[in-house]
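1. from the sequence below, what's the structure:
(one chain, ligands or ions: 1)
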Amino acid sequence: MSVRARFQETATELASAPVVELRGVSRIYGRRLTEVRALDDVDVAFSAGSWTAVMGPSGSGKSTLLHCAAGLEKVTGGQVVLSGQDITGASDAELTELRRRTVGFVFQSFNLIGSLTAEQNVAMPLRLAGQRPGRRVVREALAAVGLADRARHRPRELSGGQQQRVAIARAMVTRPAVLFADEPTGALDSRSARGLLDLLRSMVDDEGQTIVMVTHDPAAAATADRVLFLRDGRLVDRLERPSAHAVADLLASWES
Ligand SMILES: Nc1ncnc2c1ncn2[C@@H]1O[C@H](COP(=O)(O)OP(=O)(O)OP(=O)(O)O)[C@@H](O)[C@H]1O
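-> This next block holds a predicted model:
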């Protein structure tokens, strides 16, 4: 094989290589009578530059899947590979370090620090990593989410949609390999939610960002590339390039 062909093959492999992979993952809470199997033998890979929505009824294991994939929680069985590293047996210190370098998080409730300005909030992950954040890097992260003119505002001076954009800028300032989002539009009105989903879509399409998002909202799920459906801790269904109708039909079929 020519050097050029080999190079192209390697590039293709890299482009489709999973950023996160769960292999036969189980997560059990409690013991004996109180035992809950929150994840049950889950196999799934999240490839680079893809956006996956995770859906399922309340208690089906969506947040647990997100937390295990991000190394926030240890698995009871199976293996998790994050950014090429098997994290299954990693120590808490190793996990904290790996998360800092490779993972960004966005939650339904924004979780911004109320006493800090938008730019101070965005700078926080860099400070926690022991770096002195440059103003330019922080301002660029805010500009990327359309908030260049809100850098000095505190969270209470921003709308819900703007606060969630600050949270996204904060998650992205370390340039994580994967962004995990737990119901990111759950606290937003439909217009702000649409704007936020468009922002996430452009991060995937323009920057090749990998996103894994838990959502209850069919419209949000339909903006993703793929929908996974969990039930009782098991992956029971999936849709590729779904329409909102297809997602709603899938939900209805599993609820009936
Ligand atoms: N720390 C814990 N201790 C004991 N059980 C837990 C714990 N965390 C989650 N569970 C249980 O594991 C199961 C899955 O929970 P999980 O939060 O992953 O579900 P979910 O699909 O995200 O639900 P929701 O849509 O309501 O947020 C549930 O039965 C829950 O009660």
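2. use CA for all of it now, contacts and neighbours both
-> OK.
3. show me the shaky parts of this structure.
-> 1-16 (pLDDT under 70).
4. 80 - rerun?
-> In the predicted model of the chain, residues 1-17, 255-256 satisfy pLDDT under 80.
5. where exactly do the strands run in it?
-> Applying DSSP state E to the chain gives strands spanning 18-29, 36-47, 51-55, 77-82, 85-86, 103-107, 178-182, 210-214, 226-231, 234-240.
6. give the bridge partners for the residue nearest the centre of the chain, please.
-> For the chain, the residue nearest the mean C-alpha position is F180 (1.4 Å; C-alpha atoms, centre = their mean). With DSSP bridges applied, the residues forming beta bridges to F180 are F105, V212.
7. separation between it and the ligand?
-> For F180, the distance to the ligand (C-alpha to the nearest ligand atom, to the nearest Å) stands at 13 Å.
8. just checking, that residue touches F105?
-> Yes: F180 sits in contact with F105 when judged by C-alpha atoms under 8 Å, with a separation of 4.9 Å.
9. who does the residue nearest to L239 when sequence neighbours are not counted form a beta bridge with?
-> Nearest non-adjacent residue to L239, counting by C-alpha to C-alpha, 6 or more residues apart in numbering: V227, 5.1 Å away. Bridge pairing for V227 (DSSP bridges) gives the partners A53, L239.
10. V227 contacts G56, correct?
-> No: applying C-alpha under 8 Å, one finds V227 not in contact with G56, separated by 10.1 Å.
11. around the ligand, which positions in the stretch 1-150 of the chain sit nearby?
-> For the stretch 1-150 of the chain, the residues in contact with the ligand (C-alpha under 6 Å from any ligand atom) are Y29, G30, V36, A38, P57, S58, G59, S60, G61, K62, S63, T64.
12. looking at V227 and G56, which one has more neighbours?
-> Neighbour totals were compared for V227 and G56, and V227 leads with 27 against 24 (other C-alpha atoms under 10 Å).
13. show me the contacts for the more buried one.
-> By C-alpha atoms under 8 Å, 6 or more residues apart in numbering, the contact set of V227 is T52, A53, V54, M55, A221, R238, L239, E240, R241, P242, V247.
14. for the ligand, what is the nearest residue in the stretch 151-256 of the chain?
-> For the stretch 151-256 of the chain and the ligand, the shortest gap (C-alpha to the nearest ligand atom) falls at G233, measuring 7.0 Å.
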